[in-house]
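> Pasting a predicted model and its sequence here:
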Amino acid sequence: MKPFIELQKIGLDFGKQTIFEDLNLQVEANEFISIIGKSGTGKTTLIRMIAGLLAPTSGRVLINGEAITEPHKEITYVFQKPVLLEWRNLLENVLLPIELERKVTTKDIDKAKEVLKLVHLEEDQAKYPHECSGGMVSRVSLARALITNPKILLMDEPFAALDSITKEQLQLELTQIISTYHSTVIFITHDIQEAVFLSDRVVLINENSNKVNEFIVPFPRPRHKDLKFEPEFQQLIKQIYESLEMIEG
Ligand SMILES: Nc1ncnc2c1ncn2[C@@H]1O[C@H](COP(=O)(O)OP(=O)(O)OP(=O)(O)O)[C@@H](O)[C@H]1O
């Protein structure tokens, strides 16, 4: 079976700086993978290429066997720093991707309310961004990504700025949401525990941004937060940590 997302022999230079030399990666449909690597290894650059926002210098990015040359309708990008429009309430912010394409219908409004409910913000839809906590802003950003039913969700450290309790709640919500939406997810994080808890596979990349190691996460879904205290879970974190230490030197 051909992979849903395939990076074939990717090379990328920014001027004299080589970011990728020969990166190969395959992602199956409905798979959740996390990418971990030291700051500056090219993780954001990698998902910008998958999003069609940046062309590789050599090699190809294929989605469902077709080369990506521009932003793709079925891909949604959740940024590191969520950007909400301050003059629009939360419901209106969630509706933005639809409005940029066409006239909003009552069905769209119902759908926006449904995704806001999924992220536990149904009571807050009339609030404005300045009235929201960091966790709420991240939830709105996730709801806005879901309204288009994306086949592929690219998430760039979406929870990095949150406190650990809020982060944990959002991780649990994300696992539930993904099982409802059947999206394929590529998730960037610096947090090994987060990567293991959320993913089917954790991919480590190094300084030359060539994939160096990957770890299959064998725990069945749905995953409960107590999984984090299981010895097998801790053992896998240790293995990834040691592998990361080795590639970072
Ligand atoms: N548009 C660009 N033009 C030139 N250089 C760039 C551009 N975008 C990124 N870079 C450089 O490419 C390298 C990789 O950047 P990238 O943001 O992908 O790293 P990252 O692994 O996501 O880092 P972090 O973990 O800190 O977010 C960095 O050295 C960065 O300065």
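That came in fine, so what should we check first?

> now the strands: where do they sit in the protein?
Secondary structure of the chain by DSSP state E: the strands cover 5-14, 17-27, 32-36, 58-63, 66-67, 75-78, 152-156, 184-188, 201-205, 211-216.

> Burial-wise, tell me which of these comes out on top.
strand 32-36 (a mean of 25; mean count of other C-beta atoms under 10 Å). Yep, even glycine has a C-beta here, placed from its N, CA and C like the rest.

> In contact with Glu157, which residues?
80, 188-190 (C-beta atoms under 8 Å, 6 or more residues apart in numbering).

> So which bits of the protein are right by the ligand?
Contacts of the chain with the ligand, taken as C-beta under 6 Å from any ligand atom, map to 14, 19, 37, 39-45.

> top of these by neighbour count?
Neighbour tally across the residues of the chain next to the ligand (other C-beta atoms under 10 Å): the maximum, 25 neighbours, falls on Gly42.

> Relative to Ile50, how far out is it?
12 Å (C-beta to C-beta, to the nearest Å).

> in the chain, which residue is closest to the centre?
Centroid check for the chain by C-alpha atoms, centre = their mean gives Met155 as the closest residue, at 2.1 Å.

> separation between that one and Ile177?
12 Å.

> Quick check: which ranges of this structure have low pLDDT?
For the chain, the stretches flagged by pLDDT under 70 are 208-209, 211, 249.

> Looking at the strands of the chain, spot the one closest to Glu92.
Ranking the strands of the chain by proximity to Glu92 (C-beta to C-beta) places strand 75-78 first, at 18.0 Å.

> who's in contact with the nearest residue to Glu74 once chain neighbours are set aside?
Closest residue to Glu74 apart from its sequence neighbours, by C-beta to C-beta, 6 or more residues apart in numbering: Lys151 at 4.1 Å. Neighbouring residues of Lys151 by C-beta under 8 Å, 6+ apart: 29, 74-75, 183-184.

> repeat that with 7 Å
Contact partners of Lys151, counting by C-beta atoms under 7 Å, 6 or more residues apart in numbering, are 74, 183-184.

> what do you get for Ser138?
82, 158-159, 162, 170.

> ok, 10 Å please
Ser138 sits next to 78, 81-82, 119, 132, 158-162, 166-167, 170, 173-174 when contact means C-beta atoms under 10 Å, 6 or more residues apart in numbering.

> Identify the farthest-apart pair in those.
Lys81 and Glu173 (19.5 Å).

> didn't Ala131 look like it was pressed against Leu90?
Careful, residue 131 is Glu; it's not Ala. Yes: in this structure, Glu131 is within contact of Leu90 by C-beta atoms under 10 Å, at 9.0 Å.

> Those two: who's more crowded?
Leu90 (26 against 11).

> rewinding a little: for ChimeraX, what selects the buried ones among the contacts of Glu157?
Buried residues among the contacts of Glu157 (16 or more other C-beta atoms under 10 Å), as a ChimeraX selection:
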select :188,189
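
> Mark which of the contacts of Glu157 are part of helices, please.
Applying DSSP state H to those, no entry is found in helices.

> Reformat the contacts of Glu157 into JSON lines and put distance to Lys9 next to each item.
Below are the contacts of Glu157 laid out as JSON lines (distance: C-beta to C-beta, whole Å):
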{"residue": "Gln80", "distance to Lys9": "27"}
{"residue": "Ile188", "distance to Lys9": "22"}
{"residue": "Thr189", "distance to Lys9": "26"}
{"residue": "His190", "distance to Lys9": "27"}
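
> give the contact list for Tyr181.
Contacts of Tyr181 were listed using C-beta under 10 Å, 6+ apart, and they are 30, 115, 118, 145-146, 149-151, 153.
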